[in-house]
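Novice: need a structure here:
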Amino acid sequence: YTHSGVLASALAMDKQRTKDLYRVEGLPVVPSLLARQAEIAAGHLMSPPYVVKPYDEGSSVGVVIVREGMNAPRLPEGLPDMLMVEAYAPGRELTVTVMGDRALGVTEIITDGWYDYDAKYKPGGSRHVCPAELPTEITDACMDYSLRAHRVLGCRGVSRTDLRWDEARGLAGLVLLETNTQPGMTPTSLSPEHAGLAGLSFGQFCAWMVEDASCNR
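Specialist: Sure thing, here's the model as predicted:
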């Protein structure tokens, strides 16, 4: 099969372990912790704004944003008992695809609200600016951070790393959110867009993945 092996994929799915490895690599992340629902509902575990979400899910499922002035969150039914609480990262939504040993490009994702499930999957929920219109310093940092994230997690093939940038803080406002070891692969998905930015057609991108794949995953 293509892309990363079992260990890298399991690490990347566990958001807290991902952040631990990012920190070891010296990559910027927001503070976070794991806590049980009862602790989260009893009172603020960090100063708002912060986010409560499953630490091992994707697609923004089960995300609760606790803003300044709000009480401790009332969590929706169906969430696991152990959840992640992390500081809210303001700013622009950015994402970078890594292909093998190189970062392909940076896309900015623009939505009317925050980048939730509907914004990701419903028609017209978001639009992509590719390449993102950023200062060169921020573009270079996004590419560097994403390649380092790919490597520290042990990824192979194609991965995609999501970041947030608070432009008011310059480079200090750039933080990593997570790495996706199986990014979307339709012709209109983000990673094929990045491949196009690097001069690869969708067919060429898929062919590279097939040729890169091996049993040693």
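Novice: and the helices in the chain, which stretches?
Specialist: With DSSP state H as the criterion, the chain has helices at 6-13, 15-25, 37-42, 117-121, 136-152, 190-197, 202-212.
Novice: save those helices as TSV, and put in mean neighbour count too.
Specialist: For the C-beta atoms, the positions are set from N, CA and C on the backbone; glycine is no exception. Formatted as TSV, the helices of the chain follow (neighbours: other Cβ atoms under 10 Å):
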stretch	mean neighbour count
helix 6-13	17
helix 15-25	17
helix 37-42	14
helix 117-121	15
helix 136-152	19
helix 190-197	22
helix 202-212	14
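Novice: and the spatially closest residue to Pro131 that is not a sequence neighbour, what does it touch?
Specialist: Residue nearest to Pro131 in three dimensions, not counting chain neighbours: Gly105, with 5.4 Å by Cβ to Cβ, 6 or more residues apart in numbering. Counting by Cβ atoms under 8 Å, 6 or more residues apart in numbering, Gly105 makes contact with 96-97, 130-131, 143, 193-194, 197-198.
Novice: which of those residues lies closest to Pro73?
Specialist: When these are ranked by distance to Pro73 (Cβ to Cβ), Val96 comes first, at 30.7 Å.
Novice: quick check: that closest one touching Trp165?
Specialist: No: when contacts are counted by Cβ atoms under 8 Å, Val96 is not listed as touching Trp165 (11.6 Å).
Novice: more crowded one of these two?
Specialist: It is Val96, of Val96 and Trp165, that has more neighbours when counted by other Cβ atoms under 10 Å, with 29 against 25.
Novice: identify the bridge partners of that one.
Specialist: Beta-bridge partners recorded for Val96 (DSSP bridges): Val106, Thr161.
Novice: measure it to Val24 for me?
Specialist: 20 Å (Cβ to Cβ, to the nearest Å).
Novice: repeat for Ala72
Specialist: To Val24, Ala72 is 31 Å away according to Cβ to Cβ.
Novice: and what of Met209?
Specialist: 28 Å.
Novice: and the residue of the chain positioned farthest from its centre, what does it touch?
Specialist: In the chain, the residue that sits farthest from the middle, by Cα atoms, centre = their mean, is Ala42; the gap is 28.7 Å. Neighbour list for Ala42: Ala72 [criterion: Cβ under 8 Å, 6+ apart].
Novice: and if you look at Thr136?
Specialist: So Thr136 contacts nothing (Cβ under 8 Å, 6+ apart).
Novice: look up how far Leu171 lies from it.
Specialist: 11 Å.
Novice: same thing with Arg17?
Specialist: 26 Å.
Novice: could you check the pLDDT of Ala132?
Specialist: According to the prediction, Ala132 has pLDDT 95.
Novice: ok, now Ala119?
Specialist: 47.
Novice: and stretch 87-97, how far apart are its ends?
Specialist: 25 Å (Cα to Cα, to the nearest Å).
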